[in-house]
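In: sequence unknown, structure follows:
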């Protein structure tokens, strides 16, 4: 077992690390603010004015780093944490660039402001890279990986392979089956820092959970659909018997109204800002092969309602002339030259802002699936239809936290987590996280399409096993 001497101080270390990151950025900002930006005003800020500006900058950076996951040292991979901090710094500094322009109020100082903010941004990035690497190195020395026991159920999956990709955090030292004697399993569990319950029956899961709770052993387990539904339950404290309430209604009326207002505002602003890109892309598509600019396809959304989704055409005309679904792959010869570019940059998805404006979709929500995919997945996973308790979205929980080979069942679980835990803040977080995943290799457009290919093959195999 690993050394637990520093384990009680893990949360404290993370908080101190977060404060150091914020303090470093604040010091860089203070230097540039007093040395350059504050001097550009006709009357420089004194005292409380300067304190307010510094406070606003720190708050904005804190919120952005938190939302992007830049404080999650020891949780995410090091590169992920640093990328989160870099993106947060860039977004925060751009917002502050606009703020300084409004404060100074003199267009003649625009170049000076811009260069000062660029220096601020570059300094923030260098600081993030150096400081975070040091903090991550110290964290890994103080808190080595957990030694884990993997307890498998009766269905095989790739959980061990996924967990083994984070050897900096977890080390599976032994693996046993739930079919073994319970007393033997508990004796084994007592030798490890943590156990992983991989798709095991509820009765056995409850026994092991209670044993581990009693012996202060960490437990990780793959949730069932019912576990995720219960996670969104409200506590009812009206009686001397604890009750949990699962409302199971999707979004409330107030949530639907607020979400619709946000959709309308963002879709209108998005269409206005991206209209030049759409025009250029449309001209390029038309010049390439004289074919139609838009690609339209029927998808399923709220309560199974079918609607027509709009995309810029990135493939040759009649790419699915036989009527069969053929998801795109890296070297797909059906993708046009301009198609490769607009898919990689997600420009082909922008016309879906019209779908959002019409009310067919939302900005945030489970990605709407093709009718044949919904039918196929629902036949094999009856709970797949649960994800249609809300409107389909341009981006969603599964798109932000999933990967190119995420299974349909795990994708469903992530979408359900979004539905049962919905809040406006969650929508904002997913929207900002979408900016981050665009820069991550496994989240590119072509790989996004691989989800469909992987799921299609995976479920065909599952269907064959069912028949056998």
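Out: Received it, and whenever you're ready, just let me know what you need. Please read these numbers as outputs of a predicted model, since none were measured by experiment. Residues are numbered from 1 along each chain as shown.

In: what helix or strand is the residue nearest the centre of the chain on?
Out: Among the residues of the chain, the one closest to the centroid is residue 400, at 2.5 Å (CA atoms, centre = their mean). Taking DSSP states H and E as the criterion, the element that holds residue 400 is helix 397-401.

In: on that earlier part again, which residues are in contact with the residue nearest to the centre of the chain?
Out: Residue 400 sits next to 430, 433, 434, 437 when contact means CB atoms under 8 Å, 6 or more residues apart in numbering. Yep, even glycine has a C-beta here, placed from its N, CA and C like the rest.

In: following the helix holding residue 400, which helix or strand shows up next?
Out: helix 408-420.

In: which helices and strands does that next one pack with?
Out: helix 225-231, helix 397-401, helix 445-467 (3 or more CB pairs under 8 Å, 6 or more residues apart in numbering; DSSP states H and E).

In: just the helices in the stretch 51-200 of the chain please.
Out: Per DSSP state H, counting those that start in this stretch, the stretch 51-200 of the chain carries helices over the ranges 78-104, 110-142, 159-164, 182-189.

In: now the first one, how far from the centre of its chain.
Out: Its chain's C-alpha centre and that of helix 78-104 lie 19 Å apart, by CA atoms, centre = their mean, to the nearest Å.

In: Also the shortest one?
Out: Shown here is helix 159-164, whose average C-alpha point lies 20 Å from the average C-alpha point of the whole chain (CA atoms, centre = their mean).

In: List the buried residues in it.
Out: Neighbour-count burial for helix 159-164, counted by 16 or more other CB atoms under 10 Å, picks out 159, 163.

In: Which other helices and strands does that helix contact?
Out: For helix 159-164, the packing partners by 3+ CB pairs under 8 Å, 6+ apart are strand 146-152, strand 170-177, strand 194-198.

In: which residues are contacting the last one?
Out: The set of residues external to strand 194-198 that reach it, using CB under 8 Å, 6+ apart, is 146-153, 157, 159-160, 163, 170, 172, 189, 205, 208-209, 212, 217-222.

In: Among the residues you listed, name the buried ones.
Out: 146-153, 159, 163, 170, 172, 189, 205, 208, 212, 217, 219, 221-222.

In: Could you list the domains of this protein?
Out: 7-142, 146-222, 253-467 (automatic domain parsing).

In: coming back round to it: just among the contacts of residue 400, which is most surrounded?
Out: Counting neighbours by other CB atoms under 10 Å, residue 430 comes out on top of the contacts of residue 400 with 22 neighbours.

In: Strands of the stretch 251-400 of the chain, residue ranges please.
Out: For the stretch 251-400 of the chain, the strands defined by DSSP state E, counting those that start in this stretch occupy 294-300, 306-312, 362-364, 393-395.

In: can you give me the helices in the stretch 201-350 of the chain?
Out: 202-214, 225-231, 253-289, 337-344.

In: Can you check which of those helices gets nearest to residue 6?
Out: If you check each of the helices of the stretch 201-350 of the chain against residue 6 by CB to CB, helix 202-214 wins as the nearest, at 21.4 Å.

In: contacts for that closest one?
Out: 151, 178, 182, 185-186, 189, 195, 197, 200, 217-219, 221, 224.

In: Residue 103 reaches residue 43, doesn't it?
Out: No: under the criterion of CB atoms under 8 Å, residue 103 is not in contact with residue 43, lying 11.3 Å apart.

In: Show me which of the two is the more surrounded one.
Out: Comparing residue 103 with residue 43 by other CB under 10 Å, the one with more neighbours is residue 103, at 17 against 6.

In: which ones are touching the residue nearest to residue 74 when sequence neighbours are not counted?
Out: Leaving aside its sequence neighbours, residue 74 sits nearest to residue 139 (CB to CB, 6 or more residues apart in numbering; 5.0 Å). By CB under 8 Å, 6+ apart, the contact set of residue 139 is 13, 17, 73, 74.

In: any idea how far residue 414 is from residue 387?
Out: Separation of residue 414 from residue 387 (CB to CB, to the nearest Å): 9 Å.

In: Between the two, which is the more surrounded one?
Out: residue 387 (26 against 19).

In: Distance check, that one against residue 256.
Out: For residue 387 relative to residue 256 (CB to CB), the value is 17 Å.

In: Show me where the stretch 101-250 of the chain dips below the pLDDT cut-off.
Out: Within the stretch 101-250 of the chain, the stretches with pLDDT under 70 are 156.

In: In this structure residue 248 contacts residue 229, no?
Out: Yes: counting by CB under 8 Å, residue 248 touches residue 229, with 7.2 Å between them.

In: Between these two, tell me which one has more neighbours.
Out: A direct count of neighbours by other CB under 10 Å for residue 248 and residue 229 places residue 229 higher, at 18 against 12.

In: got a list of what that one touches?
Out: 246, 248, 416, 420.

In: what's around residue 423, how many residues?
Out: 11.

In: for it, phi and psi?
Out: When read as degrees, to the nearest 10, the backbone of residue 423 gives phi -160, psi 160.

In: Report the separation between it and residue 430.
Out: 11 Å.

In: Report how many residues lie close to residue 271.
Out: Applying other CB under 10 Å, we find 16 residues neighbouring residue 271.
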